[in-house]
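J.: Just to be clear, the model below is a prediction. Sequence and coordinates:
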Amino acid sequence: CNIDRLFRKIKQFGHHGRQAGGVCGVEMALMDLAGKAYGVPAYVLAGGKFRDRVRMYCDTPNEETGTEMGKKLQERLDRGFTMLKMDVGVQPLIGKPGMLSWPQGMLPGDPEDKLERMLNIQTLQHPFTHVRLTPKGIDSICQYVAEVRETVGDEVPIAADHFGHIGIDDCIRLGQALEPYNLAWLEDMVPWQYTDKWVQLERALNTPVCTGEDIYLAENFRPLIHARGVNIVHPDLATSGGIVETKKIGDLAQEYGISMALHMAGTPISTMASVHCAAATENFIALEHHFTEIPFWNDFIAINGETKPIIQRGYIPVPEGPGLGFTINEDVIKEHLVEWDKGFFEPTPEWDRVPSHDRLWS
């Protein structure tokens, strides 16, 4: 369609990581306008729909113990969510005796040195930190996950994320130790660029592995997909290229027997754009949601003229209105602007000069 041809012309202004957001936002807006011009939902412009509602998987903030995390996850189940995610990794182990081994300067709390502050676990890619899990550290993580399973049971799919910047060998050791807990997938264990390492992970583990939230455009997913280095691709509509491009990513993955989940940590606006893409993608499994405990999250948009809970018992119904199928509640958005930036669609010439320092990998 004309939108797609325009997008291919402007794609060079995007980039991996969050730097692609401007281009993706333009594409979503154009899909909304084109749908309204033709009087059809955006999913029609993406090829039609495979489902009338989109499953949400609910991410959950960290808790100190697995039992407390299990209780938080159970609250999500009680609200109707049928798929969940939690963080499992080295971060809670930092500072606890006997859990990790590392070169001095790589972890918070180490004696400060100017060079060491430049090269640490927050800024250095996973293979280069040389932070390693001890057997005690692996046992601690496994005990945490065991407590979660004891609380919520074995049937609900639970994905795991934020393992920390550890090397491939420790990713494999930890992944194998976690296999008894039947996790839905292990996410972003190493940077997405290292296709060979993803192949190594996928072959070594019996738990599905997943990445993609920082990858821009279908052609950049192609090496991982062709190598069958992942079991699940995980693009973010707001950085992967928008609705049509992300649909292409899902279709490419489907040719290789790989499913697609959608990363999302944004407002209802980008979430609803993701719903249209998910509806049009056959191998889609679930769309991420981070804001269960934010009461005003639903209030930013109105569907069919009505503001109400967008997620209904763990699913979002696919809207049938033209375009993206909602209107924006501008007054509500203005009420919740961040304190340090109260502007509302004002010019931002500062971004003509200041580059993004966003990492291009998770």
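T.: Right, received. Where do you want to start?
J.: Could you tell me which residues make contact with the most centrally placed residue in the chain?
T.: The residue lying closest to the centre of the chain (C-alpha atoms, centre = their mean) is His263, at 2.8 Å. Shown in contact with His263 (C-beta atoms under 8 Å, 6 or more residues apart in numbering): Gly212, Glu213, His234, Pro235, Asp236, Glu288. Heads up, the C-betas are built off the backbone N, CA and C, glycines and all.
J.: Next: Ile285.
T.: Neighbour list for Ile285: Arg55, Met83, Ile232, Ser259, Met260, Ala261 [criterion: C-beta under 8 Å, 6+ apart].
J.: With adjacent residues omitted, what lies nearest to the first one?
T.: Pointing back at Arg55 there. Nearest residue to Arg55, sequence neighbours excluded (C-beta to C-beta, 6 or more residues apart in numbering): Ala286, at 4.5 Å.
J.: What helix or strand is that neighbour located in?
T.: Ala286 is part of strand 284-289 when elements are defined by DSSP states H and E.
J.: now that strand: how far from the chain's centre is it?
T.: 9 Å (C-alpha atoms, centre = their mean, to the nearest Å).
J.: Can you give the strand pairings for it, parallel or anti for each?
T.: strand 53-59 (parallel), strand 259-262 (parallel) (DSSP bridges).
J.: and Pro295, how many neighbours?
T.: Pro295: 8 surrounding residues under other C-beta atoms under 10 Å.
J.: How about the backbone phi and psi for it?
T.: The phi/psi pair for Pro295 (degrees, to the nearest 10) reads phi -70, psi -30.
J.: So it versus His336, what's the distance?
T.: 11 Å (C-beta to C-beta, to the nearest Å).
J.: hmm, back to that, out of the strands paired with strand 284-289, nearest to Gly105?
T.: strand 53-59 (31.0 Å; C-beta to C-beta).
J.: which helices and strands does the helix or strand following that closest one pack with?
T.: Per DSSP H and E, strand 53-59 leads on to helix 66-78 as the next helix or strand towards the C-terminus. Here helix 66-78 touches strand 84-87, helix 135-152, going by 3 or more C-beta pairs under 8 Å, 6 or more residues apart in numbering; DSSP states H and E.
J.: Report the buried residues of the strand holding Ala286.
T.: By neighbour count on 16 or more other C-beta atoms under 10 Å, the buried set for strand 284-289 is Phe284, Ile285, Ala286, Leu287, Glu288, His289.
J.: Between these, which sits nearest Gly21?
T.: Of all the buried residues of strand 284-289, Gly21 sits closest to Glu288, with 16.3 Å by C-beta to C-beta.
J.: what's the burial count for Val233?
T.: 30.
J.: any chance of the contacts of His263 in TSV, with secondary structure, pLDDT and distance to Trp102 too?
T.: Compiled in TSV, the contacts of His263 are given as follows (DSSP: H, G, I helix; E, B strand; the rest coil; pLDDT from 0 to 100; distance: C-beta to C-beta, whole Å):
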residue	secondary structure	pLDDT	distance to Trp102
Gly212	coil	97	28
Glu213	coil	95	26
His234	coil	98	28
Pro235	coil	97	32
Asp236	strand	96	30
Glu288	strand	98	30
